[in-house]
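Novice: Predicted model and sequence follow; I will ask about them next.
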Amino acid sequence: MLHAVLTVRRSSIAELRAEEHGLCAMNWDEAHPGEPFAIDWELYHQLEDRGAVDVLAAWDGSRMAGYIVTTHYVHPQSGERTACSAGCYVRAGADAGFALRRMLRLAADVARSRSSALVVDDRVNGRLGRLLCREGFRPVSTVYARSL
C-alpha cells in the first residue's frame with residue numbers, strides 16, 4: 001500500500017495549540033460524545049515546563065495530521081515510571097493506521113528513554129484498542145467511571 005508522506009516527530013504544546021485546527025475537539029467529541037470540551041492549555045504548558053508532558057505529532061507536509069500527548073508520572077507507592085496517553089487522534093482523510101503506528105512507536109521510544117512504561121487508553125470497543133493489540137500492547141486493567 002502506498003502511504004502519503006507523513007513525518008512523525010516530537011512537538012510541543014505550543015505547536016499543538018497553534019496547529020491542531022480542531023483535532024483536539026474532534027478527538028474529545030469522538031471519545032466523549034455530548035460532554036463539554038475545554039482544554040486547559042495553561043496546565044499543559046506548566047506540565048511541559050516540568051518535563052511531565054510529551055507531544056508527538058504526525059505531519060502531512062505543513063499540516064498536522066495527528067498527535068499523541070503523553071503525561072509522565074512516578075507512582076508514589078511503587079516508584080513505577082509511566083507515560084500515559086492524554087490524547088491520541090488522527091484527522092479524517094489521513095492514513096490513520098499508518099500514522100498511529102508511527103506515533104506509537106515514537107511514543108514507546110520516548111517512554112523507554114525515560115525508563116517508563118507506555119500506557120495508552122481507549123474507550124470500550126474503540127478502534128484504537130484493535131491497533132494497539134496488533135502493535136504488541138495488551139489490556140492490563142479495566143477502568144470504571146461514574147458521572148457525578
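Specialist: Looks like it arrived, so ask away.

Novice: biggest helix in this protein, by residue count?
Specialist: helix 96-113 (DSSP state H).

Novice: Quick one: list the elements packing against the helix or strand that it is followed by.
Specialist: Following helix 96-113 in sequence order, the next helix or strand is strand 117-119 (DSSP states H and E). Secondary-structure packing of strand 117-119 (3 or more Cβ pairs under 8 Å, 6 or more residues apart in numbering; DSSP states H and E): strand 81-90, helix 96-113. To be clear about C-beta, it is placed using only N, CA and C from the backbone, and glycine gets the same treatment.

Novice: okay if I get the ones you listed as JSON lines plus distance to L132?
Specialist: Formatted as JSON lines, the helices and strands packed on strand 117-119 follow (distance: least, Cβ to Cβ, whole Å):
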{"stretch": "strand 81-90", "distance to L132": "10"}
{"stretch": "helix 96-113", "distance to L132": "8"}
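
Novice: Save those as JSON lines, and put in mean neighbour count too.
Specialist: Shown next, in JSON lines, are the helices and strands packed on strand 117-119 (neighbours: other Cβ atoms under 10 Å):
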{"stretch": "strand 81-90", "mean neighbour count": "20"}
{"stretch": "helix 96-113", "mean neighbour count": "18"}
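
Novice: Output these as TSV; include the columns distance to L23 and mean pLDDT.
Specialist: Below are the helices and strands packed on strand 117-119 laid out as TSV (distance: least, Cβ to Cβ, whole Å; pLDDT from 0 to 100):
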stretch	distance to L23	mean pLDDT
strand 81-90	5	92
helix 96-113	12	92
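
Novice: what residues does the host helix or strand of L128 touch?
Specialist: Using DSSP H and E, L128 maps to helix 127-134. The contact list for helix 127-134, computed with Cβ atoms under 8 Å, 6 or more residues apart in numbering, reads C88, G97, L100, R101, L104, V120, D122, P139.

Novice: just stretch 30-44 next, same as before
Specialist: So stretch 30-44 is contacted by I13, R17, C24, A25, W28, D29, V53, V69, Y89, R123, G126 (Cβ under 8 Å, 6+ apart).
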